[in-house]
Every structure is written in structure tokens, then in C-alpha cells.
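Chemist: have a look at this fold, sequence not included:
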């Protein structure tokens with residue numbers, strides 16, 4: 001699988017505390033071309049999700065008790081232009097700028113299982129508090145790299161067609177269904193799924 005880039009809070013759980021957190025990327029999902037109604041524009045989007053190993057959550061699912069890291073996600077325009085949010089965050093994360101070859105096509109699936117430091121803040125919207133990522137950086141030299149505990153999530157329409165993995169959250173799948181590519185490929189017959197949490201909120205582990 002490849003996904004080339006060119007030049008919600010869980011109910012009952014408090015938002016992630018502000019500060020700097022050790023994080024491991026465990027999800028990269030192609031959202032396709034999305035319409036921005038506010039600015040009357042279209043752009044290809046990607047959803048990236050990290051787990052925070054030092055912040056745990058306990059819950060029961062399918063008759064089993066789980067203890068897993070909290071997670072947090074962010075939606076980006078799929079571009080590594082130096083002025084794009086994804087481009088800025090990846091350069092800060094990698095610690096080096098993109099070379100000319102990478103600018104022609106950088107497979108962002110390569111960030112799966114990569115460790116980093118996330119700067120998280122809390123923001124208020126419609127009377128609710130959300131955790132939001134504001135910056136990404138490399139781990140400090142003395143920090144141990146960790147493997148994700150959650151099942152990794154990856155999806156690219158170019159590679160996987162319209163076969164959305166089962167571990168993609170329903171609200172993310174609904175965004176994919178609304179994409180220009182999915183609507184054209186399915187003749188506008190996308191499944192009716194429920195709306196999900198805001199993209200700025202942190203997610204319950206899947």
C-alpha cells in the first residue's frame with residue numbers, strides 16, 4: 001500500500017491534558033477529495049492518528065477488558081508543500097526538509113509506527129472542550145521508541161479501491177463515502193452512516 005503526497009472525544013472520557021506527549025502513529029487513512037463548503041474549494045485529505053502510550057484508558061468490549069493508550073488524530077490536506085500544515089509537521093517530525101526527489105512523491109504511509117512528540121492544547125467549541133494537536137517534533141535522544149499497541153489502520157483508495165478496512169471508525173468511513181472519488185466510483189450510492197466526532201477531538205482506541 002502507498003499514499004503519495006506531493007510539493008473525536010470519546011463519550012465519558014475527559015479530553016487529553018494539554019502538554020507534550022510521547023506518541024506513536026498507528027493510522028494513515030486516505031479520505032479522498034473533500035469539498036470545503038466554506039471556501040468553495042476541493043482538496044485531497046488524509047486522516048492521521050496517534051496513540052499516547054503514557055495516557056491509558058480502560059474499557060470493556062465484546063466481553064473483554066482492555067487497557068490501551070488514548071489516541072488523538074488530525075486531518076490534513078495531502079500536500080507536503082512547505083506552506084502546508086502536513087508539510088510543516090512532517091519536516092518538524094523528521095527534523096530535515098524534503099529533498100527534491102521526495103517533493104515529487106513522498107509516501108506518507110512510511111510514518112506508520114513512527115514515534116514523535118505531540119504538543120497538545122485544549123480548545124473550547126460550542127461549550128465542549130477538545131484536545132488539539134498544535135505541533136509535532138522528533139523524540140529526544142534518550143527516549144525509547146515504542147511499537148503501537150492498537151491495530152494499525154491504513155487505507156488508500158488508489159491501492160485498496162473502495163474496500164474500506166473494518167477498523168476504520170464509522171465517522172471516518174462516512175467522510176470517505178462523501179469523497180469525490182467514492183461518489184463517482186459508487187454512482188452516488190454511499191452507505192448511510194452516522195456523523196462522528198469533530199476531527200479535532202481525541203478518539204477512543206479502536
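Modeler: Noted; the coordinates are in hand. All values derive from a computational prediction rather than experimental measurement.
Chemist: quick check: which element contains the residue most central in space within the chain?
Modeler: By C-alpha atoms, centre = their mean, the chain has its centre lying nearest to residue 48, at 1.8 Å. Per DSSP states H and E, residue 48 falls inside strand 41-61.
Chemist: right, and the helix or strand after that strand?
Modeler: Taking DSSP H and E, what comes next after strand 41-61 is strand 64-77.
Chemist: buried set for that following strand?
Modeler: 68, 69, 70, 71, 72, 73, 74, 75, 76, 77 (16 or more other C-beta atoms under 10 Å). Glycine gets a C-beta too; all of them are placed from N, C-alpha and C.
Chemist: next, the buried residues of the strand holding residue 48.
Modeler: 44, 45, 46, 47, 48, 49, 50, 51, 52, 53, 55, 57.
Chemist: just give the number of residues close to the nearest residue to the second one once chain neighbours are set aside.
Modeler: Closest residue to residue 45 apart from its sequence neighbours, by C-beta to C-beta, 6 or more residues apart in numbering: residue 31 at 4.0 Å. Residues lying near residue 31 (other C-beta atoms under 10 Å) number 25.
Chemist: so who does residue 164 touch?
Modeler: 155, 173, 176 (C-beta atoms under 8 Å, 6 or more residues apart in numbering).
Chemist: just the ones of the residues you listed in helices?
Modeler: Counting by DSSP state H, the contacts of residue 164 place 173, 176 in helices.
Chemist: export the contacts of residue 164 to JSON lines and tack on pLDDT?
Modeler: Formatted as JSON lines, those follow (pLDDT from 0 to 100):
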{"residue": "155", "pLDDT": "97"}
{"residue": "173", "pLDDT": "95"}
{"residue": "176", "pLDDT": "96"}
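Chemist: nearest to residue 135, of the contacts of residue 164?
Modeler: When the contacts of residue 164 are ranked by distance to residue 135 (C-beta to C-beta), residue 155 comes first, at 25.9 Å.
Chemist: verify the stated contact: that closest one with residue 166.
Modeler: No - counting by C-beta atoms under 8 Å, residue 166 is not a contact partner of residue 155; they are 10.7 Å apart.
Chemist: which of those two has more neighbours?
Modeler: Between residue 155 and residue 166, residue 155 has the larger neighbour count (other C-beta under 10 Å), namely 25 against 9.
Chemist: for the more buried one, name its beta-bridge partners.
Modeler: Taking DSSP bridges, one obtains residue 29 as the residues bridged to residue 155.
Chemist: tell me where this protein has strands.
Modeler: For the chain, the strands defined by DSSP state E cover 4-5, 19-36, 41-61, 64-77, 106-107, 115-125, 128-137, 153-155, 202-203.
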